[in-house]
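>>> requesting a structural model of the entry that follows:
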Amino acid sequence: MSFSNEKTLILGLQKGSIPSFERIFSLYHKRIYNFCLHLFQSSDEAQETVQKVFIALWEQRVQVDENKDLACYLFTVARYMVYQDFRHQVYKKAAFDHFNDKSNYTNESTKDEILFNELLTFFESLIERLPERQREIFKLSRFTDLTYKQIAEQLNITENTVDTQIRRALKFIKDKYKTHYN
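Below is the predicted model:
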């Protein structure tokens, strides 16, 4: 694609043009998908990341610089999201292992056990304070290893709704934790 055609598409995108967005999507989604598939080795995760990339493009469309290479921008966003997902998976597994491996705590002091149980109880109470649908989405995401796409399909909602609800839940939990323990 020539630089002037790409610039025209970006300018249209910045103005909220759906046809410009659709054209950009049709030009780049397969390349972004193949890039993500190479990193994830999972079609579902690659497709989910592609959707997140293009959601981010739409949400940040005003900030996209029409004088820079759009492919570079999209691949940078994709790489960032892949790394975020990898980091999230590592943290999720570590937290899951930490909370489920009771053998780690059999040799700990009584004080540590009490503190751990208090933290676990506090965390569970925060989850229960979430709005019902948000709590359901959060639990499916964090305790069943379902992807956003699988959760969306199971609950008959969009992946964007899943993402928004999980972000809100995490913000609520983080804010309450900071308030309680600081």
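
>>> going forward, measure contacts between C-alpha atoms and count neighbours the same way
Will do.

>>> mind checking pLDDT for the residue nearest the centre of the chain?
Most central in the chain under CA atoms, centre = their mean is D163, positioned 6.0 Å from the mean C-alpha point. Note on D163: pLDDT of 91.

>>> pull the number of nearby residues for T158.
By other CA atoms under 10 Å, the residues close to T158 number 14.

>>> so it sits right up against A152, yeah?
Yes. T158 lies in contact with A152 (CA atoms under 8 Å); the separation is 5.3 Å.

>>> my guess is the residue nearest to the centre of the chain contacts T147. True?
No. With contact defined as CA under 8 Å, D163 does not reach T147; the gap is 10.4 Å.

>>> pLDDT weak spots in this protein?
Residue ranges of the chain with pLDDT under 70: 1-4, 91-109, 181-182.

>>> okay, now the domains of it?
3-85, 101-181 (automatic domain parsing).

>>> list the contacts of the one helix or strand H180 maps to.
For H180, the host element (DSSP states H and E) is helix 159-181. Applying CA atoms under 8 Å, 6 or more residues apart in numbering, the contact partners of helix 159-181 are 123, 126-127, 130, 134-135, 137-138, 141, 148-149, 151-152.

>>> what residues sit buried inside that helix?
E159, V162, D163, Q165, I166, A169, F172, I173 (16 or more other CA atoms under 10 Å).

>>> what of stretch 56-67?
For stretch 56-67, burial by neighbour count (16+ other CA under 10 Å) applies to L57, W58, R61, V64, E66.

>>> check the separation of the first and last residues in it.
This stretch, stretch 56-67, spans 19 Å end to end (CA to CA, to the nearest Å).

>>> tell me how far that stretch lies from the chain's centre.
Stretch 56-67 sits 19 Å away from the centroid of its parent chain (CA atoms, centre = their mean, to the nearest Å).

>>> one more: stretch 52-63?
With CA atoms, centre = their mean, you get 14 Å for stretch 52-63.
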